[in-house]
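Peer 1: 3D model of this:
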Amino acid sequence: MTALISRQESLPAHLAEGVKQATELIAARHSIATRIAYESDLREFRLWTSANGLQAFPASVETVVLYLTHLANRLKPSSLARKVAAIKFEFRQAGLQSPTDAEPVKALLAGARRTKGSAPRQVNPATIDVVEKLLSTCDDSPRGHRDRALIALGFGAALRRSELAKVRIEDIEVTDKGLVLTLPRSKTDQEGRGQQVAVLDGQRLKIKQLLSNWLEASGITTGLVFPLTDRHIANIIKSRARAAGLDEQQFSGHSLRSGFLTSAAANGANLFRMMDVSRHRSINSVRGYVRKAQQFEAHAGSAFM
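Peer 2: Residues are numbered from 1 along each chain as shown. As a prediction, this is how the structure comes out:
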């Protein structure tokens with residue numbers, strides 16, 4: 001990343017240390033994953049400008065437009081937007097006006113969205129019925145116990161795969177009716193205030209027992225419940241979908257979270273109680289699950305069609 005002050009060696013030692021700390025705090029406004037993605041995007045931008053005899057920093061508006069045009073045919077609009085965000089962050093961190101704020105850059109992004117569309121690829125939700133099919137593919141081996149616990153907890157707490165990968169034993173409280181899961185940090189809690197989720201044990205899932213079976217089989221007593229990466233978790237969901245005779249390409253790590261919300265909406269759950277579990281900040285985000293699950297209930301045409 002571009003230094004906050006380029007000639008730190010000319011500063012007194014205590015001020016140079018202050019510059020270092022300031023730079024670290026500024027960078028910390030984004031998650032580690034976002035910073036890694038930005039750094040990758042910026043390396044690509046530097047390589048492209050160098051190969052074409054152009055200047056990366058400071059870059060002109062024309063350079064950024066040409067770079068995005070170069071990428072437009074092979075990237076989705078959302079990926080183009082991330083490239084722009086990385087460049088903007090680099091300039092803002094250096095205290096400079098970003099060329100990405102210029103109208104030609106904004107117009108190019110708008111044109112890419114209009115030309116290609118911006119709707120994200122939708123994966124199938126792993127509803128309660130699908131979850132039971134996934135669980136039925138698990139045997140009593142340690143791997144089977146792990147996958148049962150992972151699928152049940154991910155569904156019951158409507159977790160993102162990144163959240164599921166970070167669940168620690170110390171963050172789980174066992175109660176009569178289920179579990180209380182504390183999430184130290186999540187997508188909607190980047191400042192790490194902590195969020196709690198009440199995870200119902202369930203008559204069909206019995207999440208407490210599945211989790212207990214896994215911990216006993218693995219011998220895990222502290223730290224991460226599932227020592228896996230979020231990518232590995234997504235692969236497990238796909239693998240279990242394939243074993244259940246389902247199209248694995250239609251499922252992903254997000255399927256457990258969307259499956260809980262879809263199942264809740266289909267069974268008439270209160271919108272705000274759904275948000276208690278999913279921790280969505282926007283009602284509109286959750287309303288989409290309700291609208292899709294109940295799209296034929298009380299249909300406007302039911303009285304005359």
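Peer 1: please enumerate the strands of the stretch 101-250 of the chain.
Peer 2: Applying DSSP state E, counting those that start in this stretch to the stretch 101-250 of the chain gives strands spanning 172-174, 178-183, 195-200.
Peer 1: for the shortest one, buried residues please.
Peer 2: Neighbour counts using 16 or more other Cβ atoms under 10 Å place I172 of strand 172-174 among the buried residues. (C-beta placed from N, C-alpha, C; glycine too.)
Peer 1: distance of the closest residue to S162 other than its chain neighbours from M274?
Peer 2: Counting by Cβ to Cβ, 6 or more residues apart in numbering, S162 lies nearest to D230, which is 4.6 Å off, once chain neighbours are set aside. When distance is defined by Cβ to Cβ, to the nearest Å, D230 is 23 Å away from M274.
Peer 1: these two - which one has more neighbours?
Peer 2: Shown here are D230 and M274; by other Cβ atoms under 10 Å, M274 has more neighbours (20 against 16).
Peer 1: ok, the residue nearest to S162 to L211 distance?
Peer 2: Going from D230 to L211 by Cβ to Cβ gives 19 Å.
Peer 1: now stretch 215-235 - C-alpha only, CSV.
Peer 2: The C-alpha atoms that make up stretch 215-235 are tabulated as CSV, following Å, rounded to 0.1, in the frame of the first residue of the first chain:
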residue,chain,number,x,y,z
LEU,A,215,-16.4,-33.3,19.8
GLU,A,216,-16.1,-36.7,21.4
ALA,A,217,-15.0,-38.4,18.1
SER,A,218,-12.4,-35.7,17.4
GLY,A,219,-11.1,-35.1,20.9
ILE,A,220,-11.4,-31.3,20.5
THR,A,221,-11.8,-29.6,23.8
THR,A,222,-10.7,-26.0,23.0
GLY,A,223,-10.4,-23.7,20.1
LEU,A,224,-11.9,-24.2,16.7
VAL,A,225,-14.8,-26.6,16.5
PHE,A,226,-14.2,-27.2,12.8
PRO,A,227,-10.5,-26.7,11.9
LEU,A,228,-11.3,-26.1,8.3
THR,A,229,-11.1,-23.2,5.8
ASP,A,230,-14.3,-21.6,4.5
ARG,A,231,-13.5,-23.1,1.1
HIS,A,232,-13.3,-26.5,2.6
ILE,A,233,-16.7,-26.1,4.1
ALA,A,234,-18.2,-25.2,0.7
ASN,A,235,-16.6,-28.3,-0.7
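Peer 1: look up how far I233 lies from R146.
Peer 2: As judged by Cβ to Cβ, R146 and I233 stand 11 Å apart.
Peer 1: overlap in contacts of the two?
Peer 2: Common contact partners of R146 and I233 (Cβ atoms under 8 Å, 6 or more residues apart in numbering): F226.
Peer 1: for the protein, which spans come out with low pLDDT?
Peer 2: Across the chain, the ranges flagged by pLDDT under 70 are 1-11, 23-24, 26-33, 117-122, 185-193.
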